[in-house]
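S.K.: predicted model follows, preceded by the sequence.
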Amino acid sequence: MKAVVTITRRQEIADPEGATIQRALVDLGYAEVDAVRVNRTVEVSMPGRDREYVLSAVRGMCEKMLANPVMEDFEIEILD
Amino acid sequence: MKAVVTITRRQEIADPEGATIQRALVDLGYAEVDAVRVNRTVEVSMPGRDREYVLSAVRGMCEKMLANPVMEDFEIEILD
Amino acid sequence: MTVGIVAFPGTNCEQDVAYALESLGAKTVTVWHRESSLDGLDAVVLPGGFAHGDYLRTGAIARFSPIMAAVEKLAAEGRPVLGICNGFQILCEAGLLPGALIANRDLKFICRPAHLRVESTDSILTRAATIGQVLTIPLNSYEGNYVPGPEAPNAVLRYCDPDGNVTEAANPNGSAEGIAGIANGAGTVAGLMPHPERAIEDFMASTDGRVLLESFIASVEATPAGVASG
Amino acid sequence: MAETLHRQLGMTDDEFTAVNGILERPPADPELAMYSVMWSEHCSYKSSRVHLGGLPTDAPWVVVGPGENAGVVDIGDGWLAALRIESHNHPSFVEPYQGAATGVGGILRDIFTMGARPVGLWNQIRFGDLSDPHNRYLFNGVVAGIAGYGNAVGVPTLGGEVEFDPVYAGNPLVNVMCLGVLQEEQLVLGTAGPPGTVAVLLGAATGRDGIGGASVLASASFDEAAGAKRPSVQVGDPFEEKKLIEACLDLYDRRLVVGVQDLGAAGLSCAASEPAARAGVGMDLNLDAVHLREPDMTAPEMLMSESQERMMAFVAPDQVEEVLAVAARWEIEASVVGTVAGGDRLRVYHNGQQVVDVPAASLTDEAPILRRPIARPDWMDELWKRTDRQADVPIDVALLGLLDDPALGDRSWVYEQFDHMLFLNTVHGPGRDGSLIRVRGTSKGLAVSTDGNGRVCQLDPRRGAERLVYEAALNVAVVGARPLAVVDNLNFGNPEKPEVMWQFTEVLAGLGAACEALGVPIVGGNVSFYNETDGQDIYPTPVVGLLGMAEPIPSLPEPVTGGMSMLLIGPEQTDNLAGSAYQRVVRGALGGRPTRVDADQGGRTIEFAIRLTHVIHGAVLHDISQGGALMAAVELLIAGGVGAHAEFRSVEQAFGEDPHRFLCLVPANRKPEVEQLALEVGCRIEDIGMTGGSDLTIAGPETINIPLERLRDVWANAISARMHGAVHE
Ligand SMILES: Nc1ncnc2c1ncn2[C@@H]1O[C@H](COP(=O)(O)OP(=O)(O)O)[C@@H](O)[C@H]1O
Ligand SMILES: [Mg+2]
């Protein structure tokens, strides 16, 4: 089983990287781009385990390590 | 309109971040985690433009700047 | 003979490179990335730093700066083009050198001297060195892990141990085949992760950076004046 | 409504009453917001102010003392140096990477606000034990944050300190110091200038970052509510700061500003009121002109926002256009947000309405002053008496234990993550004693050492503080520099406890006495209270940052090789292990009373070290601090890859950390020169051995023999093995 975790920085937390890319895209000629946010996805593979198990394990990983509870939210999707 | 670009590093290219997280998860007690890959998503907002336009513009951004053809693939999803 | 040193927003080694090249007898001028011409200059260095904060990917945004068209033109004329650290990353992103640089194997920034073995002397970076020579030059990077593209790169410097052996243990950042520096086929465009300008005076980690910078200066002098410098 | 609001903002009822008194009416919400942040402990120093007055701050070379954004001293030939230290303890506990990163960003702004180019950074970081994964996470994140910001902003990190002690587990300490260099005529102050002067806000857009950070995060204790305080996390953007540095230095070069104030704690509230108060003027501030990251911010939010990478420049009206052009050149945003007004009122407008009308100086000068109760802890005597000595282990076991300690072993795991070579001036970088950088265009070198020692200060805050000043001075002396100025960062527990206030006043007495005796002024500092978790206070942990100057820069020390005499310099009496690393690692319990500084001996030792570096070319010097003389010797041997035969009279002589001692290694045939010099200065020298071979042999009460390789391996892994595989975020 594989889980894909999408980790997003909360809207009110600054995203200097996104802001810099936005300006760069405008410079590149895409004047209509008014906002860019950068996030991460983490693909975790745990072979030989069932959906239930993977979901709860990955939630634990997110809470403990993968996501930063201070500024990020996460969403888990189970593949296969 | 918003587009979410998922940029994935090709399988054969090393992912030091994924590898480090995998080791750390095993250390944390998740011994079954046998692989981790970290990818990035870039959310581009282009208000007042239609789907077609955004899709083709964002494809252009990816080809030029958002993804590196030497090591990355990209996928575009249009939201709203 | 004048060397242009390009500064992008976030570049921070431009003064250091200027100081080092001038102390070795070259004339330099700093060029802001918004400029579009390098006319009158005989060679160009893209120095280290964090152009555009290294956001998105290192070098990814800088390669679209107006000055890069002029850098490409200079390279096409066969004039010396050197990228150091972030400059190397930018040259790769711009396609002037093959491959890419990703995060160090251990996900740590590395600031310490590295041993390098000279693999080829057919480049603007190494013409004054000898093959097999071991140089000690400081690294200063988070994304120094070289990933080759489809074709094999022309490696001019590899990480090695103090005796010149290229081993995995001597590889500080996980670079493919221990690559620390490469050149294009003609040897006129070169890039390296370590900082030769940080190894030029007695109080520094070594003075081995001189041989690389002297190679570069000699290459500039040896390249016949082209249309650009007319 | 307002009644509950002031408490939510961390204000007491008395403070609220005081605001009513000043305004002669109840404050509006935006006004209350401003008072709450400006009168917070962090910004107003309300618990510490009455005690800070007694510090020695004067010397002929002091150009700017405490009170401005940074202290400035004259280093001769038209050159000045600016220095400042700050804490970012609570933000780093909440979010280690961003907390440490924004700490670096903040201290840099304090320096380039003065017109100086920042040339070096130092950090002093303290955590709980590394056996706990959470402490590893915090340590890893803090180091990565300092690296991530400092490296990218393009200022070298030249040294610092790392300590581990369970007392910091619930409250890590992250202090950062910055040094800048400028030419005399470049000095800029944080003044608003005459009426008519225009306020231009430069740099990052304003968002809801760290709202209430100063009052909520830095001025209150930590408990289970830490999670609830999380939304105020600020994200650092070193790229923006790099552009801001270059833009500001360019503005100064072109003489385009009257004054500058950085936006740190308390954001716009501070940047508008402090410069106005300093200049004795009023100010009209238009929030509608502020460039925002989030469009729908309220006036209190804008006034309290602690968004990073912003500066306020005060500009003559006819130069505004040029200032905006310089900002554009460096690709930063700039907004004209205010005008200096006659009178003394600070008026703020939002959506075209006036929302604040207060005396500007009341925010800064009329902040409450507290005289908190002070009481010597009743456990002090108990602690002094506790010298219970368990059976000591053999000297080699003790030595290996110390080498394996992460606070004593190889710290390159930390400092190799920091760019410490940028600008090509680093003569002595991190790794041994004080750092030394050359000042190009002069023959001068500037040296910095930062030192703290919570355990010794817990045992005797006054003596501990004195010792820190002497230790820092000796650390710069061994690289050839003469002490010039001090900045201090006072990390303490909860000031509402009389015992903590006692520790605080004792530390100030010690700092003052030592600086007085050495003739070194204190030109700035920072106070961080409320470093406690669940009622447990940290040790009193003052950190001293000392700047010294070497002129000329002495020749480099020779590499350590065989055939060198190992000379121990310092007083004979070295019988005290109170607060030492040996006591912590080998014996466990903290106790005893640390040895006092001896001003006469201390002065001589410093003088001798300076003379040695300049007279005996190539001599190798190393300050003796944690781990004692034996540890210092082993560090030199490891660096040189050579063994030695050494002799120690006692465990105390080998591992004691009494002040005023250092090691000097010279080729054996040059020993008489050192002895001659020692005689002239009046310092005692003891020959403790000779380098050579590949083992360390220690003759003493017991004779032991350890291969240097073994010592090196243990030392090299002290941090790296414990941190292997740690990740941040
Ligand atoms: N957090 C840190 N950042 C950078 N350098 C550090 C850090 N901690 C320690 N170092 C460096 O390691 C060396 C040894 O530190 P320390 O033993 O505290 O020195 P001393 O005892 O001489 O004051 C010093 O050069 C110091 O600058
Ligand atoms: Mg120290």
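M.R.: It's in. Numbering: from 1, shown residues only, chains lettered A, B, ... in the order given. Ligands and ions are numbered 1, 2, ... in the order given.
S.K.: next up, the contacts around the nearest residue to D:Q186 once chain neighbours are set aside.
M.R.: Using C-beta to C-beta, 6 or more residues apart in numbering or on different chains and skipping residues adjacent in sequence, the residue nearest D:Q186 is D:G115, 4.2 Å away. Yep, even glycine has a C-beta here, placed from its N, CA and C like the rest. D:G115 makes contacts with D:A82, D:L182, D:Q186, D:L187, D:V188, D:L249, D:Y252, D:V260, as judged by C-beta atoms under 8 Å, 6 or more residues apart in numbering or on different chains.
S.K.: what pLDDT is listed against D:G115?
M.R.: Looking at D:G115, its pLDDT is 96.
S.K.: SS state for it?
M.R.: Following DSSP: H, G, I helix; E, B strand; the rest coil, we place D:G115 in the coil state.
S.K.: returning to that earlier point: can the contacts of D:G115 go into JSON lines with extra columns for distance to D:V476 and secondary structure?
M.R.: Formatted as JSON lines, the contacts of D:G115 follow (distance: C-beta to C-beta, whole Å; DSSP: H, G, I helix; E, B strand; the rest coil):
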{"residue": "D:A82", "distance to D:V476": "17", "secondary structure": "strand"}
{"residue": "D:L182", "distance to D:V476": "21", "secondary structure": "strand"}
{"residue": "D:Q186", "distance to D:V476": "25", "secondary structure": "helix"}
{"residue": "D:L187", "distance to D:V476": "24", "secondary structure": "coil"}
{"residue": "D:V188", "distance to D:V476": "27", "secondary structure": "coil"}
{"residue": "D:L249", "distance to D:V476": "27", "secondary structure": "helix"}
{"residue": "D:Y252", "distance to D:V476": "28", "secondary structure": "helix"}
{"residue": "D:V260", "distance to D:V476": "30", "secondary structure": "strand"}
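S.K.: quick check: D:Q354 is in a helix.
M.R.: No: using three-state DSSP, the secondary structure at D:Q354 is strand, not a helix.
S.K.: quick one, phi/psi of the closest residue to it other than its chain neighbours?
M.R.: With sequence-adjacent residues excluded and distances taken as C-beta to C-beta, 6+ apart, D:Q354 is closest to D:R347, at 5.8 Å. Dihedral pair for D:R347: phi -120, psi 130, per degrees, to the nearest 10.
S.K.: what's near enough to touch D:R347?
M.R.: So D:R347 contacts D:G282, D:M283, D:D284, D:L285, D:A341, D:Q354, D:V356, D:D357 (C-beta under 8 Å, 6+ apart).
S.K.: got phi/psi on the second one?
M.R.: Put plainly, it is D:M283. According to degrees, to the nearest 10, D:M283 has phi -160, psi 140.
S.K.: please look at D:E240 and D:M311 and confirm they touch.
M.R.: No: if you go by C-beta atoms under 8 Å, D:E240 and D:M311 don't touch, sitting 10.9 Å apart.
S.K.: what is in contact with the two at once?
M.R.: In contact with both D:E240 and D:M311: D:G203, using C-beta under 8 Å, 6+ apart.
S.K.: got a pLDDT number for residue 56?
M.R.: By default, I'm working from chain A. 95.
S.K.: if you could check chain D rather than the one you did, that'd help
M.R.: 96.
S.K.: quick one: neighbours of it, just the number.
M.R.: Close neighbours of D:P56, defined as other C-beta atoms under 10 Å in any protein chain shown, add up to 18.
S.K.: and the helices in the stretch 501-650 of chain D?
M.R.: D:581-582, D:599-615, D:628-640 (DSSP state H, counting those that start in this stretch).
S.K.: so can I have TSV of those showing distance to D:R126 and mean neighbour count?
M.R.: TSV is the format used below for the helices of the stretch 501-650 of chain D (distance: least, C-beta to C-beta, whole Å; neighbours: other C-beta atoms under 10 Å in any protein chain shown):
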stretch	distance to D:R126	mean neighbour count
helix D:581-582	14	24
helix D:599-615	25	21
helix D:628-640	19	23
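S.K.: how about the strand or helix carrying A:R40: buried residues?
M.R.: Using DSSP states H and E, A:R40 maps to strand A:35-45. Within strand A:35-45, the residues scored as buried using 16 or more other C-beta atoms under 10 Å in any protein chain shown are A:V36, A:R37, A:V38, A:N39, A:R40, A:T41, A:V42, A:E43, A:V44, A:S45.
S.K.: tell me the neighbouring strands of that strand, and mark each as parallel or antiparallel.
M.R.: strand A:2-9 (antiparallel), strand B:35-45 (antiparallel) (DSSP bridges).
S.K.: do the host helix or strand of D:G120 and chain C meet?
M.R.: Applying DSSP H and E as the criterion places D:G120 in strand D:117-127. No: applying C-beta under 8 Å from any C-beta of the partner chain, one finds strand D:117-127 out of contact with chain C, separated by at least 10.6 Å.
S.K.: what helices or strands is the following helix or strand past that strand leaning on?
M.R.: Using DSSP H and E, the helix or strand that follows strand D:117-127 towards the C-terminus is helix D:133-153. Here helix D:133-153 touches helix D:89-94, helix D:96-112, strand D:117-127, strand D:157-164, helix D:238-253, helix D:708-723, going by 3 or more C-beta pairs under 8 Å, 6 or more residues apart in numbering or on different chains; DSSP states H and E.
S.K.: average pLDDT for the longest one?
M.R.: For helix D:96-112, mean pLDDT rounds to 96.
S.K.: shaky segments in chain C?
M.R.: For chain C, the stretches with pLDDT under 70 are C:225-230.
S.K.: residue ranges of the helices in it, please?
M.R.: Counting by DSSP state H, chain C has helices at residues C:14-23, C:67-76, C:86-93, C:209-222.
S.K.: the first one near chain D anywhere?
M.R.: So that's helix C:14-23. Yes: using C-beta under 8 Å from any C-beta, helix C:14-23 comes into contact with chain D via C:Q15, C:D16, C:Y19, C:A20.
S.K.: a markdown table for these, including neighbour count?
M.R.: Listed next are these as a markdown table, based on neighbours: other C-beta atoms under 10 Å in any protein chain shown:
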| residue | neighbour count |
| --- | --- |
| C:Q15 | 20 |
| C:D16 | 23 |
| C:Y19 | 18 |
| C:A20 | 25 |
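S.K.: closest one of the residues you listed to ligand 2?
M.R.: Relative to ligand 2, the closest of the residues of helix C:14-23 next to chain D is C:D16; by C-beta to the ion it sits at 29.3 Å.
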